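S.K.: Build me a model from this:
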Amino acid sequence: MEKQILIKVSKVKKTFKQGADQSLLVLDDVNLTLKKGEIIALLGRSGSGKSTLLRIIAGLTAADGGKVSYRDQAVTSPVQGIAMVFQSFALMPWLDVMQNVELGLEALGVPRKELRKRALKAIDTIGLDGFESAFPRELSGGMQQRVGLARALVVNPDVLLMDEPFSALDVLTAENLRNDLLDVWQQENRPTNCILLVTHNIEEAVLMADRIVIFDNNPGRVLSNLSVNLPRPRDGEAPEFRQLVDQIYRIMTGVEDILSKTLQPLDLGYRLPDAKVSELVGFMETLLEEAGNKQIELSELSEDLHYDIDDLFPLTEVLGIMRFTEQKHGGIQLTMAGKKFAEADLQERKQIFAKHLLGYIPLARHIRMVLSKRLHQRVSKKYFLAVLEDYLSQEDSERVLRVVTEWGRYAEIFAYDDSDGKLSLENPQ
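M.R.: Numbers count the residues shown, from 1 in each chain. Reported below is the predicted structural model:
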């Protein structure tokens, strides 16, 4: 029997203005259905538009195109039946636990007697019994998130939206809260018929979801839909669990096909990810130690290093562009150049890094060329920001230039003086 569709997202598009003449396409042609009886995990990198899509579904943000409907009714503002749990807890600091949980019921005009009864039940269900009179400042992060969850559940939502609700918590607290939520979900008389969980934690998605929607980025759109046919409770070490995790890594690392990409000379505005030199060096050293010349599964590496996709993918993307690693079938290994770098001493590493930086990162090559042609070999960083802003937003331009400046200083292909904001070829050491 086909499950009932509760929410339908059709061709949704969202653009954010960035300055007078610039705009950023965040979501494009997003199509998604949420069905009764499902926990759906929306999985993707930070900045891919997942939270923006969640807010559009909740009626908190308007889309620029397309349509969202809840039980065949268009969603253009917050509607009864859809509740949301935020990453930042979003509690009122001047209200105690009971008052914070009662907020949603008060907005619905629930009578005081019924309001108090339902709030107490939600507080007890989520494990906060005895803390009704405590204020947020008296609670740990995990307990604050429990309050946020109780506040969402107390209104008996048909659809519960959760925006990375466990990401700000320590590992043990997050695990306990996930298990508590699954216990509530498996109760026969639960009023909630669907949960949409935004996450960038692959193991969390496989642990909790009946279906995983993998999100592409730049702009955000649905890349893949995967059903999770594993019985609960799920064993994170079971072969079937690990196979699905590996499959997701293969899909996500193929999103931009970055490892087969060669940036062209005019790709000055490529949105290079944040990756510090120390992290890149440490990652290559770890690859050499863990795998040598062999390939290692990204999922295994992520687990060993306690990395989530936002930690891991920027490193693999940069190292792939610079040809220090190669990647296929969900695994990664050092190239000959990467192995040589990892085994080298400090000065030789700088020389190898400089060669690959100038060979594969057009912006680094452009900076070096411009500096070499100037009489005094000094140029304000504002000049390069102006060039980048022809391709990127002001924020992205500043971020990309900062990243490449750090790489260039490490490689000693140019210097930067923060006191006057100028890049130069003077004494790069």
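
S.K.: for this protein, what are the low-confidence residue spans?
M.R.: 1, 18-22, 89, 254-266, 269, 426-429 (pLDDT under 70).

S.K.: residues contacting Arg55?
M.R.: 61, 84 (CB atoms under 8 Å, 6 or more residues apart in numbering). C-beta: built from backbone N, CA, C; applies to glycine.

S.K.: mind saving the C-alpha coords of the helix or strand it falls within as CSV?
M.R.: In this structure, Arg55 sits in helix 50-58 according to DSSP states H and E. The C-alpha trace of helix 50-58 is given here as CSV (Å, rounded to 0.1, in the frame of the first residue of the first chain):
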residue,chain,number,x,y,z
LYS,A,50,19.5,22.1,3.8
SER,A,51,18.5,24.5,6.6
THR,A,52,17.1,27.0,4.1
LEU,A,53,14.9,24.2,2.6
LEU,A,54,13.7,23.2,6.1
ARG,A,55,12.7,26.8,6.8
ILE,A,56,10.8,27.0,3.5
ILE,A,57,8.9,23.8,4.3
ALA,A,58,8.1,25.2,7.8
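
S.K.: How far away from the center of its chain is it?
M.R.: Helix 50-58 has its C-alpha centroid displaced from the chain centroid by 14 Å (CA atoms, centre = their mean, to the nearest Å).

S.K.: how about the helices in the stretch 201-350 of the chain?
M.R.: Along the stretch 201-350 of the chain, the stretches classed as helices by DSSP state H, counting those that start in this stretch are 202-208, 239-253, 277-291, 298-305, 309-321, 336-343, 346-360.

S.K.: Listing partners with orientation, what would you give for the following helix or strand past the helix holding Arg55?
M.R.: Sequence-wise, the next helix or strand downstream of helix 50-58 (DSSP H and E) is strand 65-70. Partner strands and pairing direction for strand 65-70 (DSSP bridges) are strand 5-17 (antiparallel), strand 73-74 (antiparallel).

S.K.: between these, which gets nearest to Ile214?
M.R.: For the strands paired with strand 65-70, the distance to Ile214 is smallest for strand 5-17, at 15.2 Å, taking CB to CB.

S.K.: If you count neighbours, what's buried in the closest one?
M.R.: By 16 or more other CB atoms under 10 Å, the buried positions in strand 5-17 come out as 6-9, 12-14.

S.K.: now swap in stretch 231-247 and tell me
M.R.: Those would be 234, 241-242, 244-247, for stretch 231-247 by 16+ other CB under 10 Å.

S.K.: TSV please, covering these and showing distance to Glu289.
M.R.: TSV is the format used below for the buried residues of stretch 231-247 (distance: CB to CB, whole Å):
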residue	distance to Glu289
Arg234	31
Phe241	26
Arg242	22
Leu244	28
Val245	23
Asp246	22
Gln247	27
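
S.K.: Out of those, the closest to Phe324 would be?
M.R.: The shortest approach to Phe324 among the buried residues of stretch 231-247 belongs to Asp246, at 22.7 Å (CB to CB).

S.K.: Hmm, the closest one is touching Gly330, no?
M.R.: Yes. The pair Asp246 and Gly330 passes the contact test of CB atoms under 8 Å, sitting 5.0 Å apart.

S.K.: Overlap in contacts, these two.
M.R.: Each of 297, 299 lies in contact with both Asp246 and Gly330 under the rule CB under 8 Å, 6+ apart.

S.K.: Roughly how far does Ala411 sit from Ile7?
M.R.: For Ala411, the distance to Ile7 equals 50 Å [CB to CB, to the nearest Å].

S.K.: Could I get the buried residue list for stretch 180-194?
M.R.: 181-182, 184, 192-194.

S.K.: swap in stretch 120-137?
M.R.: Buried residues in stretch 120-137 (16+ other CB under 10 Å): 120, 122-123, 125-128, 131, 135-136.

S.K.: circling back to that earlier point, which of the buried residues of stretch 180-194 fall within strands?
M.R.: In this view, the buried residues of stretch 180-194 that belong to strands under DSSP state E are Cys194.

S.K.: could the buried residues of stretch 180-194 be laid out in CSV, adding distance to Asp170?
M.R.: Below are these laid out as CSV (distance: CB to CB, whole Å):
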residue, distance to Asp170
Leu181, 17
Leu182, 19
Val184, 21
Thr192, 26
Asn193, 31
Cys194, 28
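
S.K.: Contacts for whichever strand or helix holds Arg178, please.
M.R.: Using DSSP H and E, Arg178 sits within helix 171-185. Helix 171-185 is contacted by residues 39, 125-127, 140-142, 145-146, 149, 153, 165-167, 169, 190, 192, 195, 204, 207-208, 232-233 when judged by CB under 8 Å, 6+ apart.

S.K.: With adjacent residues omitted, what lies nearest to Asp235?
M.R.: Excluding the flanking residues, the one nearest Asp235 by CB to CB, 6 or more residues apart in numbering is Phe241, at 6.1 Å.

S.K.: so how far is Val228 from the one you found?
M.R.: 9 Å.

S.K.: Mutual contacts of those two, please.
M.R.: Common contacts of Phe241 and Val228 (CB under 8 Å, 6+ apart): Val206.

S.K.: before we move on, back to that, can you pick out the ones from the buried residues of stretch 120-137 that are in helices?
M.R.: Judged by DSSP state H, these include 120, 122-123, 125 as members of helices.

S.K.: got CSV for those residues, with distance to Val379 too?
M.R.: Listed next are these as CSV, based on distance: CB to CB, whole Å:
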residue, distance to Val379
Leu120, 66
Ala122, 60
Ile123, 61
Thr125, 62
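
S.K.: For Leu363, state which of these is nearest.
M.R.: Closest to Leu363 out of those is Ala122 (52.3 Å), distances taken as CB to CB.

S.K.: Give me the spatial nearest neighbour of the closest one, chain neighbours excluded.
M.R.: Using CB to CB, 6+ apart, the closest residue to Ala122 is Val154 (3.9 Å).

S.K.: Cool, thanks, talk later.
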